[in-house]
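**Student:** here is a sequence together with a model predicted from it:
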Amino acid sequence: MRDQGLEEAIRAVGGVGALARTLGISQPSVSNWQKVPADRVLAVESVSGVSRSVLRPDLYGDMVEDAADELDQARAQEYQLLATLLLRAPSDEVLAQLATIKGDASPIGMAHLALASAAESSDADSVSREYFDLFIGLGRGELLPYASYYLSGFLHERPLARLRDDLARLGIERRDGVYEPEDHAGTLFEIMSLFAGGTIAISREEQTNFFNRHLKPWIGRFLADLAVAQRATFYKAVAALGTAFVEIETEAFGLPD
């Protein structure tokens, strides 16, 4: 008989077969589980959104608060990684660090592995040219990574004004020397990183509202465009990671507290 945590994970992903596919293992293997194996807990947590303290309370039951903090720090790091790669082209040192990223058979784990592979086969000069062609260009780049553009068709429109109103309400000010509009995808990921990591202390409800208001309506379309952009090579892997992570966040923000 399956335990409660495993049952919740199976329901969350849509069945035993779906859980097996997302983990990259056979359906009979999952069917034989009575509880989530210890070495699969983090992967199942990632794909299902069910907390490790629910999946294996015998392992994590006394660590609920610490586990939540650890998960939020991991979210913050993921947001910051995406922000860093979208706000500027990575240096050779950053590419070397990216090449060491590990992964697993989950969708986000596979996206990590793909990013590591792309970084290993790239160099700063080629990625810098790619970044310029994609986001800057002579006049404009192939893509415009701004909420206003995706939501209204123009830059500096109402979506940016709404964002600035919310940032002012939260006490978030533009840094000196930063002239990029605040609705840039990288800037929004950076703000979410500060929320998730606790640098800017706001409630889960406020995080959810910010994500749903300023990222959810358009970021998926931008990442889909980046994935098929003519000039994208290294940044296809960035798009894949962003897509996998945003899907997890979208699902998680839709869950009740």
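**Tutor:** Happy to help now that I have it.
**Student:** so where is this protein shaky, pLDDT-wise?
**Tutor:** Scanning the chain for pLDDT under 70 picks out the ranges 60-68, 257.
**Student:** okay, domains of it per the record?
**Tutor:** Using automatic domain parsing, the domain parsing of the chain gives 4-55, 66-253.
**Student:** make JSON lines out of these and add mean neighbour count.
**Tutor:** Yep, even glycine has a C-beta here, placed from its N, CA and C like the rest. Converted to JSON lines, these look like this (neighbours: other Cβ atoms under 10 Å):
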{"stretch": "domain 4-55", "mean neighbour count": "18"}
{"stretch": "domain 66-253", "mean neighbour count": "17"}
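**Student:** centre of the chain to the biggest helix by length in the chain, how far?
**Tutor:** Using DSSP state H to define each element, the chain has its longest helix at helix 64-87. On the basis of Cα atoms, centre = their mean, to the nearest Å, helix 64-87 sits 8 Å off its chain's mean C-alpha point.
**Student:** repeat that for stretch 143-160.
**Tutor:** 21 Å.
**Student:** got a list of contacts for it?
**Tutor:** By Cβ atoms under 8 Å, 6 or more residues apart in numbering, the residues outside stretch 143-160 that reach it are 86, 134-135, 163, 181-186, 188, 214-215, 217-218, 221-222, 225-226, 229.
**Student:** in terms of contact, does residue 220 touch residue 244 like I think?
**Tutor:** No - taking Cβ atoms under 8 Å as the definition, residue 220 is not a contact partner of residue 244, at 11.3 Å.
**Student:** one step back: CA atoms of the longest helix of the chain as CSV?
**Tutor:** Provided in CSV are the C-alpha atoms of helix 64-87 (Å, rounded to 0.1, in the frame of the first residue of the first chain):
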residue,chain,number,x,y,z
VAL,A,64,10.2,21.2,7.7
GLU,A,65,11.4,24.7,8.3
ASP,A,66,15.0,24.0,7.2
ALA,A,67,13.7,22.2,4.1
ALA,A,68,11.5,25.1,3.2
ASP,A,69,14.4,27.5,3.6
GLU,A,70,16.6,25.2,1.5
LEU,A,71,14.0,25.1,-1.2
ASP,A,72,13.6,28.9,-1.3
GLN,A,73,17.4,29.3,-1.5
ALA,A,74,17.4,26.9,-4.4
ARG,A,75,14.6,28.9,-6.1
ALA,A,76,16.5,32.1,-5.4
GLN,A,77,19.7,30.7,-7.1
GLU,A,78,17.7,29.5,-10.1
TYR,A,79,16.1,32.9,-10.6
GLN,A,80,19.5,34.6,-10.2
LEU,A,81,21.1,32.3,-12.7
LEU,A,82,18.5,33.2,-15.3
ALA,A,83,18.7,36.9,-14.4
THR,A,84,22.5,36.9,-14.8
LEU,A,85,22.3,35.2,-18.2
LEU,A,86,19.6,37.4,-19.6
LEU,A,87,21.0,40.7,-18.3
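**Student:** give me phi/psi at the nearest residue to residue 170 once chain neighbours are set aside?
**Tutor:** Leaving out its chain neighbours, the residue that sits closest to residue 170 by Cβ to Cβ, 6 or more residues apart in numbering is residue 202, at 6.6 Å. Note on residue 202: its backbone torsions stand at phi -130, psi 160 [degrees, to the nearest 10].
**Student:** quick one: contacts for residue 202?
**Tutor:** Residue 202 touches 170, 195, 210, counting by Cβ under 8 Å, 6+ apart.
**Student:** after the helix or strand encompassing the last one, heading C-terminal, what element do we hit next?
**Tutor:** Okay, so that is residue 210. Counting by DSSP states H and E, the element that carries residue 210 is helix 204-214. Downstream of helix 204-214, the first helix or strand assigned by DSSP H and E is helix 219-227.
**Student:** list of residues touching whatever helix or strand comes next after that next one?
**Tutor:** Counting by DSSP H and E, the next helix or strand C-terminal to helix 219-227 is helix 234-253. Residues outside helix 234-253 that contact it (Cβ under 8 Å, 6+ apart): 46, 49, 75, 78-79, 81-82, 85-86, 107-108, 110-112, 114-115, 117-119, 122, 126-127, 130-131, 134, 207-208, 211-212, 215-216, 219-220, 223-224, 226-227, 229, 232.
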